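Trainee: make a model of this:
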Amino acid sequence: MRAKLAQYRTIWLSALAIVGFLGIHFAIGATTAKWLVDSLVLGVASGMSWTWRAAAMRAIGRGGASGTDKVILTVWLAWLMFLVQRTYVLTAGALHRPEWLTDSMLPGLIATLIFLAGIYGLSAPTSVADEIPRREQLHLIIGWFIAGAVGGGAIVYFLLTRPV
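Mentor: Next up is the predicted model:
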């Protein structure tokens, strides 16, 4: 039994974190719980951005062409953007969402860089297309199709409804 629990330690710790958040959410309220978790994410994003920085700089120095370099760039850029986005959210909230901050180019730039990190991640396995098993190729095609369908659907929705 103990070996089985140890084998799934990461899953158990993840479940404990979710249950912990739910407890905090109901004990102290949604707004305070969100600020608390946003602050924790800010800390983790800072650590991840710093930890992966050196590897990312080496990958950029190599041109970022290999699948490994793309995975490294995906992890680093995604966590860097989490850091920037969480900083933006906490700052905007603390300043009561001033117009100069909410109407700036920063949210669009953050979204563009998150998109770029996703493209690196989607294209990483295709860097060695000759070595990919047939079944994995199907998963890659489905992944790209899902990305295109969801992104395209969102664009069509935006064009039809003009929410802004």
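Trainee: at the geometric centre of this protein, which residue sits there?
Mentor: Against the mean C-alpha coordinate of the chain, by C-alpha atoms, centre = their mean, the closest residue is residue 78 at 4.8 Å.
Trainee: could you say which helix or strand holds it?
Mentor: helix 67-94 (DSSP states H and E).
Trainee: what's the first helix or strand after that helix?
Mentor: Next in line after helix 67-94, if elements are assigned by DSSP H and E, sits helix 99-102.
Trainee: which strands and helices lie in contact with that next one?
Mentor: Applying 3 or more C-beta pairs under 8 Å, 6 or more residues apart in numbering; DSSP states H and E, we find helix 99-102 packed against helix 67-94. (Glycine included, C-beta is placed from N, CA and C.)
Trainee: can you give me the buried ones in the helix it packs on?
Mentor: Within helix 67-94, the residues that count as buried by 16 or more other C-beta atoms under 10 Å are 67, 69-89, 92.
Trainee: for that helix, the distance to its chain's centre please.
Mentor: How far helix 67-94 lies from its chain's middle: 7 Å, per C-alpha atoms, centre = their mean, to the nearest Å.
Trainee: quick one: residues contacting the residue nearest to the residue nearest to the centre of the chain when sequence neighbours are not counted.
Mentor: Distances taken as C-beta to C-beta, 6 or more residues apart in numbering put residue 117 closest to residue 78, at 4.3 Å, once the chain neighbours are dropped. Going by C-beta atoms under 8 Å, 6 or more residues apart in numbering, residue 117 touches 73-74, 77-78, 81.
Trainee: tabulate those (JSON lines), appending pLDDT and distance to residue 131.
Mentor: Listed next are the contacts of residue 117 as JSON lines, based on pLDDT from 0 to 100; distance: C-beta to C-beta, whole Å:
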{"residue": "73", "pLDDT": "93", "distance to residue 131": "20"}
{"residue": "74", "pLDDT": "93", "distance to residue 131": "19"}
{"residue": "77", "pLDDT": "94", "distance to residue 131": "25"}
{"residue": "78", "pLDDT": "93", "distance to residue 131": "25"}
{"residue": "81", "pLDDT": "93", "distance to residue 131": "30"}
